[in-house]
Structure formats: C-alpha cells, structure tokens
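Enquirer: Have a look at this prediction, sequence included:
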Amino acid sequence: MRTQKAEYMMLPPLQPEYDADGELSATVQFNASMMNDRNSKGVANDELEAEGAIVRVVLFPLVVKKGDDEGVGDDEIVVCPAQVIVAGDNRHNFAGSSELGGASLGARSRLSVVTDKS
C-alpha cells in the first residue's frame, strides 16, 4: 500500500478589496505562474501578466505541493493554479449557454407578453 508523503496546501491568493460602491479599492496583479484566468477568451496568461491585468474575482484557491514525492525538501510546486477572473473595461458579459441565446447578462430584458383580447 502506498502512502502520501508530500504535503498539499490550499493557499488563497491575495483577495481584491472593494469599496461601498462595489468598485475595486485594493487591487491584486495577475501572476501567470500561480493563477489562471477563466474569462480570457484567447488571451494567454503570460500576456495578461505582461499587460498588468488586475484580478477582479478569485473562483478557486491555489493548490501547492510542498516537497518531492517522498516529502523531502522545501520545494513548492503549483499543482493547480488559482482560478480567477481579471478586470477588463472592454469585456462584455455574454452567456455561453444556448439556453440564454447568447443574451447579454448585463442588459435589461426587453421581453413583453402580448395577450389576445377575446
């Protein structure tokens, strides 16, 4: 029977802070070696880091393995990068699901109900 000797840790990345209006007040810069943007739509993590992208929301914490397979040493290896969404001025919130028909999630509904007079 094999036993796990290495130590695994879930480390929450620095959290962005918001003011009373819901706007970012203390920012965290995107770090490609420890984070993965879940909303980049074709933009590589390295490019986001080079642009100085700002983290808006942390979806899942960073998972790190300390030591080798035998648990020896102090090396820290990123097993699963933190899953984040970066802030963007020109991004649109479109639904990826066909159930919503690709409608904008930020726009008001313009659906009205018409009934027949009998």
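Expert: That came through, no problem.
Enquirer: The residue nearest the centre of the chain and Ala32, how far apart?
Expert: Centroid-nearest residue in the chain: Val84, 1.6 Å away (criterion: C-alpha atoms, centre = their mean). To Ala32, Val84 is 11 Å away according to C-beta to C-beta, to the nearest Å. The way it works is simple: take the backbone N, C-alpha and C, and place the C-beta from them, glycine included.
Enquirer: what does Val64 give?
Expert: Taken as C-beta to C-beta, the span from Val64 to Ala32 is 16 Å.
Enquirer: Kindly report the same for Ala26.
Expert: Applying C-beta to C-beta, the value for Ala26 to Ala32 is 21 Å.
Enquirer: ok, these two, which is more surrounded?
Expert: Set Ala26 next to Ala32 and count neighbours by other C-beta atoms under 10 Å: Ala32 wins out with 16 against 10.
Enquirer: The more buried one and Asn45 touch, don't they?
Expert: Yes: between Ala32 and Asn45 there is a contact under C-beta atoms under 8 Å: 4.0 Å.
Enquirer: so where's this protein shaky on pLDDT?
Expert: 1, 13, 40, 89-118 (pLDDT under 70).
Enquirer: the strands in this protein, which residues?
Expert: Ranges of strands in the chain, per DSSP state E, are 7-11, 17-18, 24-26, 35-37, 55-60, 62-66, 76-80, 82-86.
Enquirer: Quick one: closest of the ones you listed to Glu49.
Expert: strand 35-37 (8.5 Å; C-beta to C-beta).
Enquirer: what are the pairing partners of the closest one, and which direction each?
Expert: Strand 35-37 pairs in its sheet with strand 82-86 (parallel), by DSSP bridges.
Enquirer: Next, the angle from the strand it pairs with to strand 7-11.
Expert: Counting by axes from the mean of the first three to the mean of the last three C-alpha atoms, to 10 degrees, strand 82-86 points 20 degrees away from the direction of strand 7-11.
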